[in-house]
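**Q** Turn this into a structure:
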Amino acid sequence: MNKKLLPVAALIISASAMNAYAVNGTVKFTGEIIESTCTVTSGDQNKDVFIGKYPTSAFTTTGDVTASKSFTINLEKCEAGDYSLRFDAPTVAGNPNLLAVDSAGGVGIEILTNDEKIIPINQDSDSNSPWVNVATSGDATGTATFNLKARYKSFMDKVTAGTANANATFTIEYK
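**A** Numbering: from 1, shown residues only. Down below sits the predicted model:
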């Protein structure tokens, strides 16, 4: 009978054994959940920006860019405060501020503010991000407009032909 109880006892002892560990530090998480502060106007929730058609000869060296195409993203029903946009999308390896395009080689899409600041992709808002301030009278009817630009930028000396389309999602960030 004892031979049958031995494995059961070993199982109970091993299940109740605790792992030893040492605490090396702590992480403090902070934040806040707030009511929705703005909405994107219906015409700007799904935006199409035609950058244009350019020959490969327009790119003779790394860093060449095309003309910028302006576009806007409008907000409405905003409470008073500062707002920014965060763009998320696949980027070009080694070029985190260029959206990867579907077919053309050696070129990506760069998003800029109207004052030519490059907008970071897949990064939280910072001083390079577009910011707008909304001042309202408390009735949450404020509006704001982000004036942006997009252009092609080469990241190689030789650009190859193909479609140069990309998709990015954007999120409104509240400061």
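**Q** Low-confidence ranges, the chain, go.
**A** Counting by pLDDT under 70, the chain contains low-confidence residues at 1-21, 34-37, 128, 136-140.
**Q** Now the longest strand along it - C-alpha only, PDB.
**A** When the chain is parsed with DSSP state E, its longest strand is strand 142-154. This file holds the C-alpha atoms of strand 142-154, laid out as PDB (Å, rounded to 0.1, in the frame of the first residue of the first chain):
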ATOM      1  CA  GLY A 142     -15.000  73.300 -31.200                       C
ATOM      2  CA  THR A 143     -13.500  72.400 -34.600                       C
ATOM      3  CA  ALA A 144      -9.900  72.000 -35.800                       C
ATOM      4  CA  THR A 145      -8.100  71.300 -39.100                       C
ATOM      5  CA  PHE A 146      -4.900  69.500 -39.600                       C
ATOM      6  CA  ASN A 147      -3.200  70.800 -42.800                       C
ATOM      7  CA  LEU A 148      -0.900  68.100 -44.100                       C
ATOM      8  CA  LYS A 149       1.200  67.200 -47.100                       C
ATOM      9  CA  ALA A 150       2.300  63.900 -48.700                       C
ATOM     10  CA  ARG A 151       5.100  63.300 -51.200                       C
ATOM     11  CA  TYR A 152       7.200  60.500 -52.600                       C
ATOM     12  CA  LYS A 153      10.800  60.300 -51.300                       C
ATOM     13  CA  SER A 154      13.600  58.000 -52.600                       C
END
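**Q** And the next helix or strand past that strand?
**A** From strand 142-154 onward toward the C-terminus, using DSSP states H and E, the following helix or strand is strand 169-174.
**Q** Neighbouring strands of that next one in the sheet, and parallel or not?
**A** Next to strand 169-174 in the sheet, as set by DSSP bridges, lie strand 81-88 (antiparallel).
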